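Participant: Pasting a predicted model and its sequence here:
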Amino acid sequence: MQNSSKVPEITVIGSNMMDLITYMERLPEPGETIEAPDFELGFGGKGANQAVAAALLGAEVNMVTRVGEDLFGDEVIKNFQDYGINTEKIEKIAGESSGVAPIFVDPQGENRIFIIKGANNYLTPEAVREAEELIAESDLVLFQLEIALDSVYEAIALADHYETASILNPAPMNKDLQPAGLEGLDFFIPNETELAAFTGSSDLAGDDIKRSAETLLSRGIKTVIVTLGSEGSCIVDQSGERAVPAPEVEPVDTTGAGDAFIGSLAVFSQQETDLDKAVSRANQYAALSTLERGTQKSYLSREDFFARLNQKHWRC
């Protein structure tokens, strides 16, 4: 890892979605129609969210994704460009819709999300290989599971070949994900539910998280970081296990908080010499993102983030 003055180059190979966000008092019963108090349209998708968070924190970001030949596709590309993200490896897929994500947010800020991948299904291993030069030149490559598993495996293999740092956020968890395809991965970052599903465990807590994570280390993954929501994160690597707490907040909307953590960690992991400090910074960035509605628009710029940390409540 490098010092905080470094401007890392990060390539994100992943999804984009248009978020269709409904703020509701409750879900309707079967056959019931109810009125919801508010609705918002926003840019999302795990890959896109993580790319935007990294760009806002000062990284040079390349996005490798696919959009539909529709109104959303043009707007998605423009949105990336507005954040200064390189879009040369984004292609439109004829006859396909762009990905969309209907999101339902309750009064406590918790969310329920459906995704329709659309053109994201066309981000193939061949498309990943077309971005090989970007992977080779980047400091870190970042991917998720809203694209085909074979494309994820291809990206991991290329990053390993070029000794480029790599992060996989296994979300949403895919039951067909195979440990053999993750050999050489630097960071595997699931939440508790995703870790349990991947390792075949249940009701993970305490030592169970450590044991489950250690099984992945034995499979060639270098570091496992388990995100625990309001409780922060747990790091498991060859030096052992340690907890990294998150600041206490009263969330308005938790949508995109996990992506805020991943995207910011991609940057901080390249700028901090201590992984625990990088994870702590990412915990703080994710917590602050829950104080505003929406996904990408709730993310802070580097200047605003560190200004918030300098406030008394956020000093660490």
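Facilitator: That came in fine, so what should we check first? Numbers count the residues shown, from 1 in each chain.
Participant: is it true that residue 130 touches residue 89?
Facilitator: Yes: Residue 130 is within contact range of residue 89, at 6.9 Å (criterion: Cβ atoms under 8 Å). Heads up, the C-betas are built off the backbone N, CA and C, glycines and all.
Participant: If you count surrounding residues, which of the two has more?
Facilitator: Each of residue 130 and residue 89 has its neighbours counted (other Cβ atoms under 10 Å); residue 89 has more, 19 against 13.
Participant: Checking that one next. Helix, strand or coil?
Facilitator: Of the three states, residue 89 takes strand under DSSP: H, G, I helix; E, B strand; the rest coil.
Participant: List the beta-bridge partners for it.
Facilitator: Listed beta-bridge partners, residue 89: residue 64 (assigned using DSSP bridges).
Participant: separation between it and residue 43?
Facilitator: Per Cβ to Cβ, to the nearest Å, residue 89 is found 18 Å from residue 43.
Participant: And for residue 243?
Facilitator: Counting by Cβ to Cβ, the separation of residue 243 from residue 43 is 33 Å.
Participant: neighbour-wise, which of those two wins?
Facilitator: residue 43 (23 against 15).
Participant: from what I can see that one touches residue 299, true?
Facilitator: No: the criterion here is Cβ under 8 Å, and residue 43 misses it with residue 299 at 11.0 Å.
Participant: which residues are common contacts for the two?
Facilitator: Common contacts of residue 43 and residue 299 (Cβ atoms under 8 Å, 6 or more residues apart in numbering): residue 52.
Participant: okay, which residue is most central for this structure?
Facilitator: By Cα atoms, centre = their mean, the chain has its centre lying nearest to residue 259, at 3.4 Å.
Participant: From residue 75, how far out is that one?
Facilitator: Taken as Cβ to Cβ, the span from residue 259 to residue 75 is 19 Å.
Participant: Check residue 18 too.
Facilitator: Counting by Cβ to Cβ, the gap from residue 18 to residue 75 is 8 Å.
Participant: Overlap in contacts, the two.
Facilitator: residue 43.
Participant: Of the two, give the one with the bigger neighbour count.
Facilitator: When residue 18 and residue 75 are compared for neighbours, residue 18 comes out ahead with 27 against 15, by other Cβ under 10 Å.
Participant: And the more buried one, how close does it get to residue 300?
Facilitator: For residue 18, the distance to residue 300 equals 22 Å [Cβ to Cβ].
Participant: Check residue 193 too.
Facilitator: On the measure of Cβ to Cβ, residue 193 and residue 300 end up 27 Å apart.
Participant: Helices of the stretch 151-300 of the chain, start to end?
Facilitator: For the stretch 151-300 of the chain, the helices defined by DSSP state H, counting those that start in this stretch cover 192-199, 207-217, 257-271, 275-289.
Participant: Between the ones you listed, which one is closest to residue 8.
Facilitator: helix 257-271 (3.9 Å; Cβ to Cβ).
Participant: Please name every helix or strand in contact with the closest one.
Facilitator: Under the contact criterion of 3 or more Cβ pairs under 8 Å, 6 or more residues apart in numbering; DSSP states H and E, helix 257-271 touches strand 9-13, helix 46-56, strand 140-144, strand 165-169, strand 223-227, helix 275-289.
Participant: Which other helices and strands does the host helix or strand of residue 18 contact?
Facilitator: According to DSSP states H and E, residue 18 maps onto strand 17-23. Applying 3+ Cβ pairs under 8 Å, 6+ apart, one finds that strand 17-23 contacts strand 38-44, helix 71-82, strand 100-105.
Participant: Columns distance to residue 290 and mean pLDDT on top of these, output as TSV?
Facilitator: Converted to TSV, the helices and strands packed on strand 17-23 look like this (distance: least, Cβ to Cβ, whole Å; pLDDT from 0 to 100):
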stretch	distance to residue 290	mean pLDDT
strand 38-44	15	91
helix 71-82	21	96
strand 100-105	11	90
